[in-house]
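J.: Could you look at this predicted model? Sequence included:
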Amino acid sequence: MARAGYPAWDEDETFFDERPARRARKKPLRWFRMILMSSLMIGGLVYFAQHKSSEVQVAARKSVPASVLIAPAPVWTPVAPTPALYVIERASAPPTVEARQHTSGAREDALTLGRFGDARHARLTLIQGSPDPARSFFVDIVRRAAEVGLAVSRNEQSRLVATKFGPVEAAAMTLVGKSEQECQTFRFADHDSGFGFQGWMCGADAAGMDDAQLACFIDGITLGSASSPSLKALFVRAERSRTEACGVASHTAASGVRTPPRP
């Protein structure tokens, strides 16, 4: 359509097409829509891929049975201490007895006279079929002391003491807990029968205790209830080796009364 009064413009605009300009204005919108749609499609694909991966992981977990966490059985378990397997002859009072069984079948019986810190105290652990490897005498006593909350602060050179069971290794040691006591510690093991014992005697007279008194206390260990044939045979042999000298001394060692000096 010609504009009045401007013939030159009318002639030029006869061939002017406004469509390219409209296309140019619409072009950015078209690219924006394409970018937006592409982003949405990519986002959707990522979402479905992650969702599918989660479903696969859940299915994999469901296909594998859940593991059941079971704590291993304890190596040692308490057992009834009665009837008592062992007896300490002429003890001033019945000992406190604790017993436990090892998974290998070994058994330990701990007999305690008095309490640590008392004027007279003794603890004796008797073992049948020990599952433990061989250790030094000092390490064995330290381990036994630690079981009842004690420590060894001093030890002397070990020696052998003759008893009805045969030579028993012994040594003077200082045991420490809430208090400190001088003690005579000892250990015996018979590999043929798998029997052994470890322990100590503590108190006011322990530092000056002679080997005869210690031997008489050890000789006072006897069998109580029925036991294995090999253990019975060991005690039968041991009883044949007991000396009469411990008749009075064994009572003295257990009760804590010194034998009057001979004139």
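T.: Okay, I see it. No experiment lies behind these values; they were computed from the predicted model shown.

J.: What strand or helix carries Ala162?
T.: When elements are defined using DSSP states H and E, Ala162 is found to belong to strand 159-163.

J.: CA atoms only: put that strand into CSV for me.
T.: Backbone C-alpha positions of strand 159-163 (Å, rounded to 0.1, in the frame of the first residue of the first chain) are rendered in CSV as follows:
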residue,chain,number,x,y,z
ARG,A,159,63.5,-73.3,92.8
LEU,A,160,62.2,-76.9,92.9
VAL,A,161,60.2,-78.1,95.9
ALA,A,162,59.8,-81.9,96.5
THR,A,163,56.1,-82.9,96.9
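
J.: strands paired with the following helix or strand past it, and their directions?
T.: The helix or strand immediately downstream of strand 159-163 is strand 166-176, counting by DSSP H and E. Sheet neighbours of strand 166-176, with direction, are listed as strand 151-155 (antiparallel), strand 159-163 (antiparallel), strand 180-190 (antiparallel) (DSSP bridges).

J.: what mean pLDDT does strand 166-176 have?
T.: Within the predicted structure, the mean pLDDT of strand 166-176 is 96.

J.: Return the set of buried residues in that strand.
T.: 168-176 (16 or more other C-beta atoms under 10 Å). C-betas here are computed from N, CA, C, even on glycine.

J.: Closest to Arg115 out of those?
T.: For the buried residues of strand 166-176, the residue nearest Arg115 by C-beta to C-beta is Leu175; the value is 12.5 Å.

J.: Surely that closest one is in contact with Gly149?
T.: No. Leu175 is not in contact with Gly149 according to C-beta atoms under 8 Å; the separation is 10.3 Å.

J.: Okay, helices next: where are they in the stretch 51-200 of the chain?
T.: For the stretch 51-200 of the chain, applying DSSP state H, counting those that start in this stretch gives helices covering 137-147.

J.: Below-threshold pLDDT in it: ranges please.
T.: For the stretch 51-200 of the chain, residues meeting the criterion pLDDT under 70 lie at 51-69, 71.

J.: Return the most buried member of the strands paired with strand 166-176.
T.: By mean neighbour count, with neighbours taken as mean count of other C-beta atoms under 10 Å, strand 180-190 ranks first of these at a mean of 22.

J.: Export that strand to CSV, keeping only CA atoms.
T.: Taking Å, rounded to 0.1, in the frame of the first residue of the first chain, the C-alpha atoms of strand 180-190 are listed here in CSV:
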residue,chain,number,x,y,z
GLU,A,180,50.5,-55.7,98.5
GLN,A,181,51.4,-59.2,99.8
GLU,A,182,54.4,-61.4,99.9
CYS,A,183,53.5,-64.8,98.4
GLN,A,184,55.0,-68.1,97.5
THR,A,185,54.0,-69.1,94.0
PHE,A,186,54.1,-72.6,92.5
ARG,A,187,53.4,-74.6,89.4
PHE,A,188,53.2,-78.2,88.4
ALA,A,189,52.5,-80.1,85.2
ASP,A,190,52.2,-83.8,84.3
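
J.: So what touches that strand?
T.: Strand 180-190 has contacts (C-beta atoms under 8 Å, 6 or more residues apart in numbering) with 116-117, 121, 130, 137, 140-141, 153, 155, 161, 163, 165-166, 168-175, 195-203, 206-207, 209, 214, 218, 234.

J.: and if you look at stretch 234-242?
T.: 164-166, 190, 193, 195, 219, 222-223.

J.: Out of the residues you listed, the closest to Pro74 would be?
T.: Using C-beta to C-beta, Phe195 is the member of the contacts of stretch 234-242 that lies nearest Pro74, at 23.5 Å.

J.: beta partners for the closest one?
T.: With DSSP bridges as the criterion, the beta-bridge partners of Phe195 are Gln128, Asp190.

J.: you'd agree it is up against Ser227?
T.: No. Judged on C-beta under 8 Å, Phe195 makes no contact with Ser227 at a distance of 9.4 Å.
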